[in-house]
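*Asks:* Sequence and predicted model, in that order:
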Amino acid sequence: MTLTSAETTDGALLEGCGQRLIKSVASVGERAAAQALVEEETILARENVQRALGLLDVPSWSEVRWEGLMGRVYGLGLDEEQRAFLGLVLSMVGIGHVPLAAVSDLDERRLAVMLRAVARLAGNDTLAVGTRI
């Protein structure tokens, strides 16, 4: 498979945003949430999500605005599954009230990402990205 220059550029931008997001976290919950968003890919790939998090504001490091993302969840154009995933992710940083039962709305791939994130939140960062749970 050959990538177009637009796909390569989009991938590089997403990788840059993901690295910036992970580097700017301040707590275990934020790290678990950031890594989950990076692994899930489709949500963080959206420019409006990057903007809401404050990742597009300045070229250098700045604090992630999780609250800004929470305030826009229903205006981001996400589908139901993406909203459920994002709600669970935001719960890891103490924002929002999403019941754990929301995992029933996730497909297998997103569920695996969420399970790894919960393990990280619990202090177990040894699960590899490809680990099947």
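*Replies:* Done, it's in.

*Asks:* mind checking how far A52 is from D105?
*Replies:* 21 Å (CB to CB, to the nearest Å). (Glycine included, C-beta is placed from N, CA and C.)

*Asks:* Quick one: residues contacting the residue nearest to the spatial centre of the chain.
*Replies:* Among the residues of the chain, the one closest to the centroid is L37, at 1.5 Å (CA atoms, centre = their mean). Contacts for L37 (CB atoms under 8 Å, 6 or more residues apart in numbering) come out as 18, 21, 43-44, 86, 89.

*Asks:* helix or strand right after the helix or strand of the chain with the lowest mean pLDDT?
*Replies:* None of the helices or strands of the chain scores lower by mean pLDDT, DSSP states H and E than helix 5-23, at a mean of 65. Using DSSP states H and E, the helix or strand that follows helix 5-23 in sequence is helix 28-40.

*Asks:* Average pLDDT for the next helix or strand after that following helix, rounded please.
*Replies:* Downstream of helix 28-40, the first helix or strand assigned by DSSP H and E is helix 47-53. Helix 47-53 comes out with an average pLDDT of 90.

*Asks:* Outside of helix 47-53 itself, list whatever touches it.
*Replies:* 17, 21, 43-44, 56-57, 64-66, 68-69, 71-72, 75-77.

*Asks:* most surrounded residue in those?
*Replies:* L69 (26 neighbours; other CB atoms under 10 Å).

*Asks:* mind listing what it touches?
*Replies:* With CB under 8 Å, 6+ apart, L69 has these contacts: 49, 52-53, 86, 90.

*Asks:* Narrow the contacts of helix 47-53 to those in helices?
*Replies:* Of the positions in the contacts of helix 47-53, 17, 21, 66, 68-69 sit in helices, assigned by DSSP state H.

*Asks:* Looking at those residues, spot the one nearest A117.
*Replies:* Taking CB to CB as the measure, L21 is the one of those closest to A117, at 13.4 Å.

*Asks:* Find the nearest non-adjacent residue to that closest one, please.
*Replies:* A34 (4.6 Å; CB to CB, 6 or more residues apart in numbering).
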